[in-house]
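Trainee: need the 3D shape of this:
(one chain, ligands or ions: 1)
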Amino acid sequence: MPSPAPPSTILRPAVVADVPRMAAIINDAAELGLMLHKSHAKLYEHLRAYHVVQDAGTGEVVATGGLSIIWANLAEVVALAVAPDQRGRGHGRRLVEAAVQQARELGIRQVMSLTYEQAFFERLGFRVIDRHKLPMKVWADCVHCPKHAACDEIAMLRVLDDVPEAPGPAPAAGGIALPVLAVEGKRS
Ligand SMILES: CC(C)(COP(=O)(O)OP(=O)(O)OC[C@H]1O[C@@H](n2cnc3c(N)ncnc32)[C@H](O)[C@@H]1OP(=O)(O)O)[C@@H](O)C(=O)NCCC(=O)NCCS
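Mentor: This next block holds a predicted model:
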């Protein structure tokens, strides 16, 4: 007998009612050291930047991910997480493509990720880059990460060739200096 077709899902912008479930999916993965925790407050604050995948049958949110704008030419895929029993069904791909499309519509030419999932992001057209060349602003959240002094995440970048370079000043370049400075600043 053929196996039943997987339930259909909907990709849509997140709404406030999704936040508790989004936080649960993200923070379960964060407990395993795969990503940073997100508070409900942060998710509400940046909710317009997030999409969710919802099971059309049960209504349950099964995956989420967002896009954070770093600078005129750079945005970051953030808080990308698929519920463990829903992985390998294309939800992660759809969420990254939604974030990339959002960047394209905003006129942002490059999309990056800090990740342990190199093979997944390579499938989606991202390439490994030297993370020390990323702007300092990227590292602002790292001060909240227990691994900040020994970060082993891989920096990956996808260039959107159909989006022109935005004019304007370049951001200050720099790697893990910012979290170290922030920790030192806290002591004084
Ligand atoms: C990483 C993650 C988002 C991937 O989502 P997913 O829905 O399972 O991935 P998809 O089904 O969309 O996979 C897309 C493609 O990547 C491949 N892929 C996914 N995970 C992979 C992995 N760990 N290694 C190699 N390839 C992988 C799939 O085979 C698929 O390939 P295809 O081009 O042949 O279709 C998901 O595993 C997850 O939530 N992990 C825990 C949290 C996490 O690490 N988030 C990333 C933070 S940056």
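Trainee: measure the closest residue to Asp152 other than its chain neighbours to Gly33 for me?
Mentor: Spatial nearest neighbour of Asp152, chain neighbours left out: Tyr116 (7.9 Å); criterion: Cβ to Cβ, 6 or more residues apart in numbering. C-beta here means a position set from N, CA and C on the backbone, and glycine is covered the same way. Tyr116 is 9 Å from Gly33, where distance means Cβ to Cβ, to the nearest Å.
Trainee: same check on Ala83?
Mentor: 17 Å.
Trainee: and the two? which has more neighbours close in?
Mentor: A count of neighbours by other Cβ atoms under 10 Å puts Ala83 above the other of Ala83 and Gly33, at 19 against 10.
Trainee: count of neighbours near the nearest residue to that one once chain neighbours are set aside?
Mentor: Among residues not flanking Ala83 along the chain, Val62 sits closest, at 4.9 Å (Cβ to Cβ, 6+ apart). By other Cβ under 10 Å, 20 other residues sit near Val62.
Trainee: A helix includes Val62, no?
Mentor: No: counting by DSSP: H, G, I helix; E, B strand; the rest coil, Val62 is not part of a helix but strand.
Trainee: show the pLDDT at the residue in the chain positioned nearest to the ligand.
Mentor: Using Cβ to the nearest ligand atom, Gly92 is the residue of the chain that sits closest to the ligand, at 2.3 Å. Looking at Gly92, its pLDDT reads 98.
Trainee: could you find the closest non-adjacent residue to it?
Mentor: Val82 (5.2 Å).
Trainee: sorry, back to before: in what element of secondary structure is the residue of the chain closest to the ligand found?
Mentor: Counting by DSSP states H and E, the element that carries Gly92 is helix 91-106.
Trainee: follow-up on the earlier one: wait, the residue nearest to Asp152 sits on Glu153?
Mentor: Yes: counting by Cβ atoms under 8 Å, Glu153 is a contact partner of Tyr116 at 6.4 Å.
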